[in-house]
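predicted model and sequence below, questions to follow.
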Amino acid sequence: MNVILCENYDDLSRNAAAMIETYVRANPTCVLGLATGGTPLGTYQKLILGHEQKGTDYSRVSAFNLDEYVGLEASHPQSYHTYMQEHLYRYINVDAIRQYIPNGKAVNMEDECERYESLLDEIGPPDIQLLGIGENGHIGFNEPGSDLDGLTHTVELAESTRQANARYFPSIEDVPKRAITMGIGSILKSKHILLLASGSRKAMAIKRLVSEEVQSTFPASVLHQHPHVTLLVDRLAYQLVEEMKDEEKERLG
Ligand SMILES: O=P(O)(O)OC[C@H]1O[C@](O)(CO)[C@@H](O)[C@@H]1O
């Protein structure tokens, strides 16, 4: 795992956007894997600036999202469909026909999981997959205990994940209890994974990621099995790793 230590969130977002833009410019028909949550918002803002100011063209890019809440219409204000429109797609020219997001309102969710995984196989896998990390180590909505080879599936959300995401909903009762997510196996098909982590809230997860073996109780640890992972992390999120390294140095004299 290649680690890029960034000064702060702005620096991290600039680095992530620069890597994506460079790739898109060199590979205009590439496939991107995109994430939601708070962390990638800065990256999306920089991509929008790059599109407006440098004309980065996304017209032939395909983009897959990791996940969606089960039970929310695409038009629901908190759906990940809405998130992507509001934070990225209304500002850059990814063709609507190539914007792929799981359908959380499908009549048959098992069929929807199969349909989405087939699309990933036909059009993907993503050349670059952007990932955030949950405080409990979840990636996508793959909670602790998930199958490390799993494909797109529906999941029961951990209570801690619902609490963490309650800030986007009127109340905790409004946060859906289920989601559809690319599985860990689907994510690992990506050619290059860019994992973003910012802020002290993520420090323990990053310490565990750096120091622990692959285990299903901490899903992000599976990234150690992937040959091309870049961890873009800011100082606050990396703080406990630095402390661990200092303690190790002291111990060795
Ligand atoms: O970037 P945030 O908001 O801290 O979220 C971390 C992760 O949690 C999720 O929002 C799901 O709870 C993911 O989409 C995201 O990668």
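Good, I have the coordinates.

my guess is R14 contacts L49, does it?
No: in this structure, R14 is not within contact of L49 by Cβ atoms under 8 Å, at 9.8 Å. All C-beta spots, glycine's among them, are computed from the backbone N, C-alpha and C.

between these two, which one's more packed in?
R14 (19 against 15; other Cβ atoms under 10 Å).

any idea which helix or strand carries the more buried one?
Assessed by DSSP states H and E, R14 sits inside helix 9-26.

ok, P219 to L5 distance?
Distance, P219 to L5, using Cβ to Cβ, to the nearest Å: 23 Å.

quick one, which of the two is more surrounded?
Ranked by neighbour count (other Cβ under 10 Å), P219 and L5 place P219 first, with 27 against 15.

buried set for stretch 29-39?
Neighbour-count burial for stretch 29-39 flags 30-37, 39 (criterion: 16 or more other Cβ atoms under 10 Å).

three-state assignment of the residue in the stretch 151-253 of the chain that the ligand sits nearest to?
Residue of the stretch 151-253 of the chain nearest the ligand, by Cβ to the nearest ligand atom: T161 (4.7 Å). Assigned state for T161: helix (three-state reduction, DSSP: H, G, I helix; E, B strand; the rest coil).

so which pair among the buried residues of stretch 29-39 is furthest apart in space?
Greatest spatial distance in the buried residues of stretch 29-39: C30 and G37, 22.4 Å, computed using Cβ to Cβ.

tell me which parts of the protein are close to the ligand?
Residues of the chain lying close to the ligand by Cβ under 6 Å from any ligand atom are 35-39, 132-134, 141, 161, 164-165.

got JSON lines for these, with distance to L232 and secondary structure too?
Shown next, in JSON lines, are these (distance: Cβ to Cβ, whole Å; DSSP: H, G, I helix; E, B strand; the rest coil):
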{"residue": "A35", "distance to L232": "12", "secondary structure": "coil"}
{"residue": "T36", "distance to L232": "17", "secondary structure": "coil"}
{"residue": "G37", "distance to L232": "14", "secondary structure": "coil"}
{"residue": "G38", "distance to L232": "15", "secondary structure": "coil"}
{"residue": "T39", "distance to L232": "10", "secondary structure": "coil"}
{"residue": "G132", "distance to L232": "11", "secondary structure": "coil"}
{"residue": "I133", "distance to L232": "11", "secondary structure": "coil"}
{"residue": "G134", "distance to L232": "17", "secondary structure": "coil"}
{"residue": "F141", "distance to L232": "21", "secondary structure": "coil"}
{"residue": "T161", "distance to L232": "22", "secondary structure": "helix"}
{"residue": "A164", "distance to L232": "20", "secondary structure": "helix"}
{"residue": "N165", "distance to L232": "22", "secondary structure": "helix"}
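
for those residues, which one is nearest P102?
Nearest to P102 out of the residues of the chain next to the ligand is F141 (Cβ to Cβ; 10.1 Å).

identify the bridge partners of the closest residue to the closest one other than its chain neighbours.
Of all residues beyond its chain neighbours, the one nearest F141 is T181 (3.8 Å), with distances taken as Cβ to Cβ, 6 or more residues apart in numbering. For T181, the beta-bridge partners under DSSP bridges are D67, H153.
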